[in-house]
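Enquirer: My questions concern the predicted model and sequence given below.
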Amino acid sequence: MTPATSLKQNGLVPVLGMSAVIVAVNAWLQPSFFDASSIASNLASLAPLILVSVAQAIVILNRELDLSMGAGVSLLNCLLASFAPYSLGGVPGQLAATLGVALLLGATNGVLVAVLGLPSLIATFATSALWFGGALAIMPQPGGAVGEAIGDAYYATVAGVPVPLLVIAGAMALWMLVSRHRVGRWIVVTGSSPAAVFQAGISLIRVRLGAYLLAWFFVFLSAVAISAQTLSGDARLAQSYTLGSIAACVIGGISLRGGKGSPWGALLGAVVLGVIGNVIYFAGIPSSWQEFTKGLIVVGALGFIVFEQRTAR
Amino acid sequence: MTSAERIAGVEEGVASVPILDLKGVGKRFAGIVALEGIDLELRSGEVLGLLGANGSGKSTLSRIIAGETRADQGRVLIAGRALTRASPRVAAGLGVVIAHQHPSLPPHLPVWESLFLGAEICTTGGFIDRRRARRDAIDILSWLGARVDPDALAGSLTAAGQQWVEIARAVSRKPRLLILDEPSAAMTGPEVAALFTSVRRLTAEGVGIIFISHRLHEVEELCGRIVVLRNGHHAGSWSTRGRLDVPRILQLMSGDREVRERTAPGQTLGESAVGDPVVGEALLEVSGLTSGTAVRGASLTLRRGEVLGIAGLQGQGQEELLEAIAACRPFEQGTLRVGGTEVRPRCPRDMIRRGICLVPNDRHRQGLFVDGDVGSNLGYVAVAADRRPWRLPPRALAAFVRTTIERLSIKTRGPRQAVDTLSGGNQQKIVVGKWLSIPFDVILLSDPTKGVDIHARTEIYELVQDLVAADRAAIVYASDVHELLLHCSRILVMYEGRITADLAGAAMNEDRIAAASFGQPAMDVVS
C-alpha cells in the first residue's frame, strides 16, 4: 500500500490541507510563529487538547463516544493540585496515584458501556456529571498547587527538543505500537463491524473495556500537561475539551460510525482547532466576535470534509 | 472410487469415530419448534448435502454444529467430543468452522487481514506479522482459485468476493468439518466450478463438508449423500451416486404440497417452458448507457410481452444496469426511451411515474423496511405514489394488502406480522407485490430468487409471467443461468459493463451464454 492510499483510506487528506492553510495564515499574521520559543509555547498550550483528542479518537474508532473526558481532565487536575507537597513520596507518587484514578474512571465508563451495554452517549454524559461533581468536592474554588517539578519539567527541553513535543511523540509512538498489536486492531475493527468481531470469537466486552482504558491513559497525559501549565486546580478547567476533542476527531477525518480514520487525524484536528484561536487573536478580531469566528471556521472545515468525501467517490 | 473415498477409508481404519455425530438434536425459539429429533453422522472426506425449503431448520442446525447457538435437546459430538457450550471458538477448537451465507466482514479491513480476524498471525508478544499474514492470505485465495484482490477493503467487494473471503477465512482455520451455507448463492458458473474443485481437494485431505444449497444440480454434482429437512424434522436421506431423484426430493421438502417446480432433470435446459411470447412494441430502449465504472455503454431493447433475462459472471454490471434504468444510480451517458419518448432519468420517483419499477438486489437493505410489518411494506408504494396521500382511504389500502397476500400466497399470520420474521421467499414476494398497487409497464428484477426456496422461486417467476401476460414486460437478472433459461424468452449476456450477446430461440443455451460471459463470441469455453 502506498503512503498516498494510506492517507486517503484514513481520511487524512483534508485535515492535512486544512492544517497547512491555518498554520500558513498564522505564520503570515504572526511573523515570529516559527521562532523556537514561539513553537515551544504553542506546543505547550496545544498538547493537552491534542492528547485528549487522541484519547477520544480511540473511543470513536471503537464506535463509542466519551462525553466525560473534559470533566475527567478537570477532576484529575484538581486531584493533582490537592496533594500536599511531598505527600505520596513526592511528584512520582502523586502522578502514579493520578494515573490510577484515571484508569479507574476509564474502567467505570468501560464497564457501563461494554459490560452493562448502555449507550455510551448517555452513560458517559452521566459519568461526566459524576466527575465534575467529584472535582467540585475536591476543589470547590479554583486553587491548590500542582508540584512545581511538573511545571519545570514540562517547560524544559531535552537535547533542544521541548518536552511537550516529546510527550506527544511518545503518545503517538504508543498508539502506533498498540495499533500493530492484535488488540489494537480489534479496537478499530470492532468499530468497523462489531458483528464480525463477535463472530470471529473475540470478546467484545474485553475489546471495548480495553479501548476505554487505553484512551484514559491519554486523558491522564492530557491532565498532567494542562496541570503543568496552570499549576493549580480548577473543576471547570477542561469543560471545553469534551466537544473540542470530538470536533478534532471529525475534522481529522475519523468516522463517527467507527472503524475508519486514524488518531493522527485527531492530532491534526486538534492543531487546527488550537491554531484557529491564535489566528483570531492575531487578526485583531474583537474578543466578542472570537467565538463566533471560531464557529464559522469549524463549520467551514466540516463543509470542506463533506466536499472532499463527495468528490472522492 | 474417488481418491477422496480411498483416503477416507484409510482414515476410518485409524479412527472410526465420525467427525460429526448428532443424536436427537432439538431447538425451540420462543416455544416454536425450529428443530426436533435430528440424528446425523458425517465421516471424514464426505460431502453431505443439506436440503430444505427456507425456514426448514438448515441454518439453525448448522449454527448449532458451529457452536453459535446451543441445542435445547440431544447431543452434539464432534470427533467424539461433546460440544456443550454455544461458543464458535470452542467449536473451532474441535475442528468445526462455518462459512456463512451472509458473511459479516468489517468493511474497512483489507481482505488479507479479515481472513485472519480472531486468529491473527502474530510475532511474539501479539504483534501482527503483516508480511506473513498477507502472504498466507494470498496463498489461500489462490489455492481456492478465488480472484480477489488481497489489499482491497472487504466493504468494496462484490457479494461473490465477500463470499470467497468468508470461505477462505473458514479454510484458513484448517477445519475437520467445514459447513458451507449457500456458498454459491452469489456466484456464477466458473466461480462455482472453482469452488467445487476446492471442495474436492479438501475432501481428498479428509475434511468433512456440509453443503447447503438451493441449487439441486449443484448438490447432485457435489454431494455423496443428502439429508432433507422439513419444518425442523428429518424428512429423508439418500446416497446420491451422482444422481438426484429430483421430484421425490421436492415432494419431501414440500410435504404434501403439489410440486410445481419445472426443473426436472430430464428436461433439456434451453427448451424453455415459456411459450412463444406475443411480442409487441418497444417499451424500453437503452442505448450506450454508462454509469460509474460498472456499466460502460450498455444497449438493449425491451418489448411488450417479453421476459428478458440478463446473464453473465458475477459483477459485470448487471445490478447496476437495472439500477441506472430505475434512476437509483446516476445515468451518466447514453439515452433512454420509454415507449418511444426520450427520457432523462433523474430520480426513482420520476421513473416510477413513467411506469418503471425495480425489485432491487439487496432485499434487506433496499427492498424492505425491515422493522416494519407486512401491511406497511406492501402498502407504502401506494401511499408514496398518491399525490394526495392524506386522502388515501385506509380501507382501500387494507383491501389491497389483503388481496395481495392472497394473490401471491404470502405465508403470514396477517398484515401486522413483522417482515423480518418471514422467510426469504415470502419477503421477496412482498418486495414484488408492493408494486401491484400502482400501474406500471416494466418491472426490473435484480436477482429476485437469492436465498429463496424452490417453491417460492417458481411462484415469483409465475407472478412475473402473469404480469407480462397482462401487456407488460420484465427484465430479470439472475445469477443462476438455469433459472433464466427456464423462465425468459430472450437472454442478454453482460460482460465488463456491456451487453455482449443477445440470444433467443435455439441460440439460447448454456454454452452460448458461458462463451459470451467470458467476452468470447465463439463457443470455445473453458469447462
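Expert: Ah, there it is. Predicted model, so just to flag it, every value in this text is computed and none were measured.

Enquirer: secondary structure class for the residue in chain B that chain A sits nearest to?
Expert: For chain B, the residue closest to chain A is residue B:118, as judged by Cβ to the nearest Cβ, at 3.0 Å. C-beta coordinates here come from the backbone N, C-alpha and C atoms, glycine included. Secondary structure for residue B:118, judged by DSSP: H, G, I helix; E, B strand; the rest coil, is coil.

Enquirer: How about it, nearest residue that isn't a chain neighbour?
Expert: Distance criterion Cβ to Cβ, 6 or more residues apart in numbering or on different chains; nearest residue to residue B:118, sequence neighbours excluded, is residue A:200 at 3.0 Å.

Enquirer: Go ahead and confirm the residue of chain B closest to chain A touches residue A:198.
Expert: No - Residue B:118 is beyond contact range of residue A:198, at 9.5 Å (criterion: Cβ atoms under 8 Å).

Enquirer: neighbours around residue 44, how many?
Expert: I went with chain A, as the question did not name one. Using other Cβ atoms under 10 Å in any protein chain shown, residue A:44 is surrounded by 20 other residues.

Enquirer: Oops, wrong one, chain B.
Expert: Using other Cβ under 10 Å, residue B:44 has 25 other residues around it.

Enquirer: who in the stretch 101-250 of chain A is up against chain B?
Expert: For the stretch 101-250 of chain A, the contact set with chain B under Cβ under 8 Å from any Cβ of the partner chain comprises A:180-183, A:185, A:188-189, A:192-193, A:195-197, A:199-202.

Enquirer: Now, those that are in helices?
Expert: Using DSSP state H, the subset of those located in helices is A:180, A:182-183, A:185, A:188-189, A:192, A:195-197, A:199.

Enquirer: so where's the stretch 401-527 of chain B shaky on pLDDT?
Expert: For the stretch 401-527 of chain B, applying pLDDT under 70 flags the ranges B:518-527.

Enquirer: Kindly apply the preceding question to chain A instead.
Expert: Checking chain A against pLDDT under 70 turns up A:1-2, A:308-313.

Enquirer: of the residues of the stretch 101-250 of chain A next to chain B, buried ones?
Expert: A:180-183, A:185, A:188-189, A:192-193, A:196-197, A:199-202 (16 or more other Cβ atoms under 10 Å in any protein chain shown).

Enquirer: quick one on the thing from earlier: how about the residues of the stretch 101-250 of chain A next to chain B, which pair is most distant?
Expert: Distance extremes for those: the farthest pair is A:180 and A:195 at 24.3 Å, using Cβ to Cβ.

Enquirer: who in chain B is up against chain A?
Expert: Residues of chain B lying near chain A by Cβ under 8 Å from any Cβ: B:68, B:87-89, B:92, B:100, B:104-109, B:113-114, B:117-120, B:122, B:125-128, B:130, B:151, B:153.

Enquirer: quick one on the thing from earlier: how far away is the residue of chain B closest to chain A from residue A:209?
Expert: 17 Å (Cβ to Cβ, to the nearest Å).

Enquirer: that older thread, the residue of chain B closest to chain A: neighbour count?
Expert: Close neighbours of residue B:118, defined as other Cβ under 10 Å, add up to 19.

Enquirer: Just list the residues touching it, thanks.
Expert: By Cβ atoms under 8 Å, 6 or more residues apart in numbering or on different chains, residue B:118 lies in contact with A:197, A:200-202, B:89.

Enquirer: Taking chain A, what residue is nearest to chain B?
Expert: residue A:200 (3.0 Å).

Enquirer: what residue ranges in chain B score low on pLDDT?
Expert: B:1-16, B:30-31, B:54-55, B:242, B:254-279, B:389-392, B:518-527.

Enquirer: Could you list the domains of it?
Expert: B:3-254, B:282-517 (automatic domain parsing).

Enquirer: can I get the CA coordinates of stretch B:349-360 in PDB?
Expert: Taking Å, rounded to 0.1, in the frame of the first residue of the first chain, the C-alpha atoms of stretch B:349-360 are listed here in PDB:
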ATOM      1  CA  ARG B 349     -39.900   8.700  -8.300                       C
ATOM      2  CA  ASP B 350     -39.800  10.100 -11.800                       C
ATOM      3  CA  MET B 351     -39.200   6.600 -13.300                       C
ATOM      4  CA  ILE B 352     -41.900   5.100 -11.200                       C
ATOM      5  CA  ARG B 353     -44.300   7.600 -12.600                       C
ATOM      6  CA  ARG B 354     -43.200   6.600 -16.100                       C
ATOM      7  CA  GLY B 355     -44.100   3.000 -15.300                       C
ATOM      8  CA  ILE B 356     -40.700   1.500 -14.500                       C
ATOM      9  CA  CYS B 357     -40.200  -0.200 -11.100                       C
ATOM     10  CA  LEU B 358     -37.300  -2.000  -9.600                       C
ATOM     11  CA  VAL B 359     -37.100  -5.100  -7.400                       C
ATOM     12  CA  PRO B 360     -33.600  -4.300  -6.000                       C
END
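
Enquirer: Same question for that stretch: list its buried residues.
Expert: For stretch B:349-360, by 16+ other Cβ under 10 Å, it's B:351-352, B:354-360.

Enquirer: Go through the residues you listed and flag which are in helices.
Expert: B:351-352.

Enquirer: Filter the buried residues of stretch B:349-360 down to the ones in strands?
Expert: Among the buried residues of stretch B:349-360, the ones falling in strands (DSSP state E) are B:356-359.

Enquirer: what's the burial count for residue B:96?
Expert: So residue B:96, with other Cβ under 10 Å, has 28 neighbours.

Enquirer: quick one, what contacts it?
Expert: By Cβ under 8 Å, 6+ apart, residue B:96 lies in contact with B:20, B:65-67, B:78, B:83, B:175-177, B:179.
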